[in-house]
Structure formats: structure tokens, C-alpha cells
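Visitor: Build me a structure from this.
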Amino acid sequence: MDPRGVGSISVALNNTAGQLLAKLCVELDTDDPAGVLSRALGLLEMSLRARKRGERLCFINQRGEISDVVF
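Guide: This next block holds a predicted model:
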């Protein structure tokens, strides 16, 4: 792994994770699976950082309903 974050790495996915990644790429209309993984990992990191601070990360829909992001 490149500690500076400038190189690339290979990631092995099981069948379920691979299918989910492919589905998300289709739904997001992208051919960049690395970008989809980066966005997902960023969301996970934000959630963990909030939890460490005793806060919560939430989604609020158009009706004002709140859903916590939980891992």
C-alpha cells in the first residue's frame, strides 16, 4: 500500500461485494468502480469519526425524516 495515497492498489472482492459494486456503478451511471469505492469508504470514515466524537451522522430526506448512518 502506498502511504502517500498516490499509487494504486488491487482489492479482491467476494462475489457479493463485486455484484453490489457493479450494481452501484450502474445506478450511478459510472464506469469508475474505484470512485464508487472511494465514496463509500469516505462515508464509512465520516460515520466512524462522528461516532468517536459522540455525534451521529444522519441523512435527512425531503420530508424531513432522519435516518442515522450506522455500521
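Visitor: which parts of stretch 50-64 are buried?
Guide: Residues Leu57 are the ones in stretch 50-64 that count as buried (16 or more other C-beta atoms under 10 Å). No exception for glycine: its C-beta is placed from N, CA and C like everyone else's.
Visitor: again with stretch 18-36
Guide: For stretch 18-36, the buried set under the neighbour-count rule, 16+ other C-beta under 10 Å, comprises Leu21, Cys25, Val36.
Visitor: Including distance to Gly5 and pLDDT, could those residues go into a markdown table?
Guide: Rendered in a markdown table, the data for the buried residues of stretch 18-36 read as follows (distance: C-beta to C-beta, whole Å; pLDDT from 0 to 100):
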| residue | distance to Gly5 | pLDDT |
| --- | --- | --- |
| Leu21 | 20 | 96 |
| Cys25 | 22 | 96 |
| Val36 | 18 | 96 |
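Visitor: and those residues, which of them are in helices?
Guide: Per DSSP state H, helices hold the following members of the buried residues of stretch 18-36: Leu21, Cys25, Val36.
Visitor: what helices or strands is whatever helix or strand Leu48 lives in leaning on?
Guide: With the criterion set as DSSP states H and E, the secondary-structure element containing Leu48 is helix 33-52. With contacts defined as 3 or more C-beta pairs under 8 Å, 6 or more residues apart in numbering; DSSP states H and E, the secondary structure elements packing on helix 33-52 are helix 15-27.
Visitor: Grab the most central residue of this structure for me.
Guide: Ala40 (0.8 Å; C-alpha atoms, centre = their mean).
Visitor: separation between that one and Asn15?
Guide: As judged by C-beta to C-beta, to the nearest Å, Ala40 and Asn15 stand 18 Å apart.
Visitor: Below-threshold pLDDT in the chain: ranges please.
Guide: Low-confidence regions of the chain, defined by pLDDT under 70, span residues 1-3.
Visitor: Tell me the first helix or strand C-terminal of the helix holding Leu48.
Guide: Stepping forward along the backbone from helix 33-52, the first helix or strand reached (DSSP H and E) is strand 58-60.
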